[in-house]
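Engineer: Sequence and predicted structure, then a few things I'm wondering about:
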Amino acid sequence: MRAHGGRHAHRSSEGAGILARLNRIPVWAFPGSFLAIIGLGYFFTFFDITDIGFAMPAIAVQFNLTGSESLFIALSIGLIGYIFGSYAIGTLSDRYGRFNMMLFTMVLTAIGSFGDAAATGIITLSFWRFITGMGVGADLNLVSTYIGELSPPQKRGRLSVLTFLVGILGQAVTPFIALALVPNFEIGWRLLFIIGGVIAVIAIAVRFRLPESPRWLVLHGRNDEAEGVVSRMESFVRSKGIRLGKPKALTGDFSSGKFPTSYLFHGRYARRLAVFIPMWFFWYIGNYGFLGDAATLMSAHGITVADSILFLAVGAVGYPVGAIVMAYLADRIERRILVFSATVVWLAGMALISSLAGDATIIAGSFLASLALGSYLQVAYTFTAESYPTRARASGFALSDGIGHLGGAIGALLLPLAVASYGFGTGFIAIGITGLIAGVIALAGPTASRLALEEISK
């Protein structure tokens, strides 16, 4: 027993040394193309989140769907798949590795997208939307987890946002692609899904170049493999003429143990769940309400479908602008302050849209809303993932973001009802306020900017 305990202590001490060396690396220690490779999965994620809203009007006509059936497919089925995939595959990644599961998620999304394109009715489309949702939910989780585990503490926020910037372009360009395809071709919506599938296939191919997370390797006692990855990172940095300082000693238990989720309902992690679940819940109320219903609600209030899509498409330029702003600010200002600030911009955007005061005002409101989304999302994703320990990081993200997505279901369902009952302006002001509530809740989160992941999780 003593011999076993000694081996465990030695392995843990060795792992701590490897992680200390990892934390001292001051820059991204891989080719810049790796950020684009990781971000390509994000591109698909946001392409898919956006494309269904633009595809559903045409699908509803061709499949003779009612409004409730369309909403069920566009939101509920994909959302259920998203929540299930994020938790199930995220938990598997905590146990079996980030790399393997990141490949698997892209396989799911590719299969789901091509299945969406080939759907022949409500049953087959619902099935494939569930599969696509599983892949999207899991990949969003794993990318946030993975990029954080490979990034230096002082640049983790910026690098996460740069990766996200590649992805958010998917949300920025999708309305224009949809505008070119859906109104003009009977199979336009099918082509939209095929494009998503092709993107996923490309992501599968290029992800084979990525390494496993050294933090996950250390946690599971695979120190030799972790040593190889960290040594490769150190060599890359030295080849750039950067000197590495002395590693800062780490303490703690760097080994896996219980089922990942079991760590999350005790002490500080339970308190963090109590912050992040409602933060995401309130944010997604407005997020999904806006993305899923805005075009339809505008067209029901005197704006043509083509104009409503055009206004939202032009405003979508705000997505990459918001991400660029956050790439500059992410490691200069504490995460919770940035999250709160983005929700203030969101409220301003909803206020402008709610006024229906003219084309320019609606476009400005759409721009501010998109700017807020581009600012909020990756900073909040990073904030969520880094607040949990490596042994349950993807599981903690899945519970926070996944349960929070139930707010998205409520928002997309209730916004049309609120508009019908209380007016267009009241409905959009309401989802602006729910976004601001998310920002206020975020202020109760932990300190995270520029800290090593092991320090945040202590």
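Structural biologist: Nice, thanks for sending it over. Treat the numbers as computed from the prediction; the structure is a model and nothing was measured.
Engineer: Contacts only, for the residue nearest to the spatial centre of the chain.
Structural biologist: The residue lying closest to the centre of the chain (Cα atoms, centre = their mean) is Leu140, at 4.1 Å. When contacts are counted by Cβ atoms under 8 Å, 6 or more residues apart in numbering, Leu140 touches Tyr42, Thr45, Ser86, Tyr381, Asp401. Where C-beta positions appear, they are placed from N, C-alpha and C, glycine not excepted.
Engineer: Could you look up the SS state of it?
Structural biologist: Following DSSP: H, G, I helix; E, B strand; the rest coil, Leu140 is assigned to helix.
Engineer: Let me know the distance separating it from Leu436.
Structural biologist: 23 Å (Cβ to Cβ, to the nearest Å).
Engineer: now Gly315, nearest residue through space, not along the chain?
Structural biologist: Ser366 (2.5 Å; Cβ to Cβ, 6 or more residues apart in numbering).
Engineer: Isn't Trp283 up against Thr343?
Structural biologist: Yes: counting by Cβ atoms under 8 Å, Trp283 touches Thr343, with 7.5 Å between them.
Engineer: Which residues are in contact with each of the two?
Structural biologist: Common neighbours of Trp283 and Thr343 (criterion: Cβ under 8 Å, 6+ apart): Tyr376, Gly435, Ala438.
Engineer: Just to check, the first one is in contact with Val344?
Structural biologist: No: with contact defined as Cβ under 8 Å, Tyr376 does not reach Val344; the gap is 10.5 Å.
Engineer: And the pLDDT for Arg393?
Structural biologist: We have a pLDDT of 95 for Arg393.
Engineer: And the one 10 residues further on, by the same measure?
Structural biologist: The predicted structure scores Ile403 at 91 on the pLDDT scale.
Engineer: Tell me how many other residues crowd it.
Structural biologist: Ile403 has 18 neighbours, counted by other Cβ atoms under 10 Å.
Engineer: Tell me who's in contact with it.
Structural biologist: Ile83, Ile277, Trp280, Phe281.
Engineer: That one: which element?
Structural biologist: helix 393-404 (DSSP states H and E).
Engineer: What is the subsequent helix or strand relative to that helix?
Structural biologist: helix 406-422.
Engineer: Tell me the buried residues in that following helix?
Structural biologist: Within helix 406-422, the residues that count as buried by 16 or more other Cβ atoms under 10 Å are 406-416, 418-419.
Engineer: which of those lies closest to Ile177?
Structural biologist: Nearest to Ile177 among those is Ala412, at 22.0 Å by Cβ to Cβ.
Engineer: you'd agree that closest one is up against Thr296?
Structural biologist: No: Ala412 is not in contact with Thr296 according to Cβ under 8 Å; the separation is 10.5 Å.
Engineer: Please work out which residues outside the helix or strand containing Glu455 touch it.
Structural biologist: Secondary-structure assignment from DSSP H and E places Glu455 in helix 453-456. Identification of contacts with helix 453-456 by Cβ under 8 Å, 6+ apart yields 19, 23, 148-149, 153, 215, 250, 252, 386-387, 390, 446-448.
Engineer: if you set the cut-off to 7 Å instead, what comes out?
Structural biologist: With contacts defined as Cβ atoms under 7 Å, 6 or more residues apart in numbering, helix 453-456 is touched by Leu19, Gly148, Glu149, Leu250, Gly252, Glu386, Ser387, Thr390, Pro446, Ala448.
Engineer: Ok, stretch 371-387 next?
Structural biologist: Here stretch 371-387 has contacts from 144-145, 148, 156-157, 160-161, 164, 168, 272, 276, 287, 318-323, 325-326, 330, 335, 338-339, 342-343, 345-346, 349, 393, 397, 400-401, 445-446, 448, 453, 456, using Cβ under 7 Å, 6+ apart.
Engineer: Okay, and which of the residues you listed map to helices?
Structural biologist: The helices, defined by DSSP state H, take in 144-145, 148, 156-157, 160-161, 164, 168, 272, 276, 287, 318-323, 325-326, 335, 338-339, 342-343, 345-346, 349, 393, 397, 400-401, 453, 456 from the contacts of stretch 371-387.
Engineer: Could you pick out the buried ones from the residues you listed?
Structural biologist: Buried among the ones in helices among the contacts of stretch 371-387 (16+ other Cβ under 10 Å): 144-145, 148, 156-157, 160-161, 164, 168, 272, 276, 287, 318-323, 325-326, 335, 338-339, 342-343, 345-346, 349, 393, 397, 400-401, 453, 456.
Engineer: Check whether Ser86 sits in a helix, strand or coil.
Structural biologist: Going by three-state DSSP: Ser86 is helix.
Engineer: How many residues are close by it?
Structural biologist: Using other Cβ under 10 Å, the number of residues around Ser86 comes to 31.
Engineer: now the residue lying closest to it once chain neighbours are set aside: how far from Tyr319?
Structural biologist: Distances taken as Cβ to Cβ, 6+ apart place Gly137 nearest to Ser86, at 3.7 Å, with adjacent residues excluded. Applying Cβ to Cβ, the value for Gly137 to Tyr319 is 20 Å.
Engineer: And Trp28, by the same measure?
Structural biologist: 23 Å.
Engineer: re the thing from before, go through the helix or strand hosting the residue nearest to Ser86 and flag the buried ones.
Structural biologist: Under the criterion DSSP H and E, the helix or strand holding Gly137 is helix 122-150. Neighbour-count burial for helix 122-150, counted by 16+ other Cβ under 10 Å, picks out 122, 125-150.
Engineer: What mean pLDDT does that helix get?
Structural biologist: 93.
Engineer: if I pick Leu103, what's in contact with it?
Structural biologist: So Leu103 contacts Ile204, Arg207 (Cβ under 7 Å, 6+ apart).
Engineer: If we use 8 Å, what do you get?
Structural biologist: Per Cβ under 8 Å, 6+ apart, neighbours of Leu103: Ile204, Arg207, Phe208.
Engineer: what's the answer for Arg209, then?
Structural biologist: With contact set as Cβ under 8 Å, 6+ apart, Arg209 has these partners: Phe34, Ile37.
Engineer: quick one: it and Ser235, what's the gap?
Structural biologist: 17 Å.
Engineer: Also Ile363?
Structural biologist: In terms of Cβ to Cβ, Ile363 sits 50 Å off from Ser235.
Engineer: what about these two, which has more around it?
Structural biologist: Ile363 (19 against 10).
Engineer: Is the more buried one within a helix or a strand, and which one?
Structural biologist: Ile363 belongs to helix 359-386, assigned by DSSP H and E.
Engineer: between that helix and helix 122-150, how many degrees?
Structural biologist: 60 degrees (axes from the mean of the first three to the mean of the last three Cα atoms, to 10 degrees).
Engineer: Mind checking the pLDDT average for helix 359-386?
Structural biologist: Computed over helix 359-386, the average pLDDT equals 92.
Engineer: Good, wrapping up.
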